[in-house]
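J.: After the sequence you'll find the predicted model.
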Amino acid sequence: MLESAKIDEFIDLTDNELIELFRKGNQTAFSQLALRYMFVIKNKSADLHGKGIDEDDLIQEGFLALHSAVKSYDENSEASFRTYASVCIRNRLVSAVRIANSQKNKLNNTLPSVELDENIPLRPEKEPENAFIIKQDFAQLVQYIKENLSKSELKVLSMYLEGMSYDEIARVLGKSRKFCDNAMQRARKKLKNRIN
């Protein structure tokens with residue numbers, strides 16, 4: 001009852017105000033954000049339900065993604081927090097499904113498909129032309145990655161960018177840590193050649 005009263009005090013605050021309070025240690029601010037984004041999380045979870053992972057697990061992953069989004073969001077970003085959080089939640093849920101399926105597919109020695117989200121919010125640019133050029137460059141980089149990295153390199157890179165360690169990636173893929181390290185080194189070399 002007392003916790004409910006505290007949450008009600010935060011109803012009129014903006015997402016950015018709640019984020020600022022949470023970063024200062026106020027846990028009730030995150031509770032208010034969780035209430036606001038529960039519908040988003042449940043909707044995105046329902047879209048992926050039945051694809052190899054339990055809906056309750058997906059919802060839990062959604063809240064973890066929201067928590068990470070609150071911690072990593074840049075208020076100066078071009079994207080609103082709602083847009084940023086939605087992308088983070090979707091990516092985390094897709095990743096959870098992919099990991100669950102890869103563990104099942106490990107027995108069949110197949111790799112699930114990798115989805116790269118080309119709609120990552122960009123930081124603001126003063127000149128619209130610069131924002132357009134940055135978005136174009138990013139889209140070209142994503143295309144280069146898809147065309148030049150092998151399936152194993154793409155999978156290891158994708159999982160690494162999701163925050164997984166080599167040991168976790170190796171466990172999910174049923175490969176050795178050395179296999180993951182080698183795939184990552186090859187991917188880095190190809191990306192370095194693209195940049196130079």
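T.: Looks like it came in fine. Residues are numbered from 1 along each chain as shown.
J.: Pull out the buried positions in the host helix or strand of L154.
T.: Using DSSP states H and E, L154 sits in helix 151-161. Buried residues in helix 151-161, counted by 16 or more other CB atoms under 10 Å: 152-160. Glycine gets a C-beta too; all of them are placed from N, C-alpha and C.
J.: what angle do the longest helix seen in the chain and helix 151-161 make?
T.: Scanning the chain for the helix with the most residues, using DSSP state H, yields helix 81-105. Relative orientation of helix 81-105 versus helix 151-161 (axes from the mean of the first three to the mean of the last three CA atoms, to 10 degrees): 130 degrees.
J.: Flag every buried residue along helix 81-105.
T.: Residues of helix 81-105 classed as buried under the neighbour-count rule (16+ other CB under 10 Å) are 81, 84-102, 105.
J.: try stretch 26-40
T.: Residues 28-34, 36-37, 40 are the ones in stretch 26-40 that count as buried (16+ other CB under 10 Å).
J.: and if you look at stretch 164-178?
T.: Buried residues in stretch 164-178 (16+ other CB under 10 Å): 164, 166, 168-170, 172-173, 175.
J.: Also stretch 14-26?
T.: In stretch 14-26, counting by 16+ other CB under 10 Å, buried: 15, 18-19, 21-22.
J.: Looking at these, which one is closest to A46?
T.: A46 has its nearest neighbour among the buried residues of stretch 14-26 in D15, at 22.8 Å by CB to CB.
J.: measure the nearest residue to that closest one once chain neighbours are set aside to Q32 for me?
T.: Closest residue in space to D15, ignoring its immediate chain neighbours: F81 at 4.3 Å, by CB to CB, 6 or more residues apart in numbering. When distance is defined by CB to CB, to the nearest Å, F81 is 13 Å away from Q32.
J.: Could you do C180 as well?
T.: From C180 over to Q32 (counting by CB to CB), the distance is 40 Å.
J.: Same question for V97.
T.: 28 Å.
J.: what does F22 give?
T.: From F22 to Q32 the distance is 9 Å (CB to CB).
J.: What of R188?
T.: R188 is 41 Å from Q32, by CB to CB.
J.: immediately after the lowest-mean-pLDDT helix or strand in the chain, which helix or strand?
T.: Across the helices and strands of the chain, the lowest-confidence element by mean pLDDT, DSSP states H and E is helix 2-8, at a mean of 51. Heading C-terminal from helix 2-8, the first helix or strand you meet, by DSSP H and E, is helix 15-23.
J.: Okay, K42 and Q60: tell me how far apart.
T.: 12 Å.
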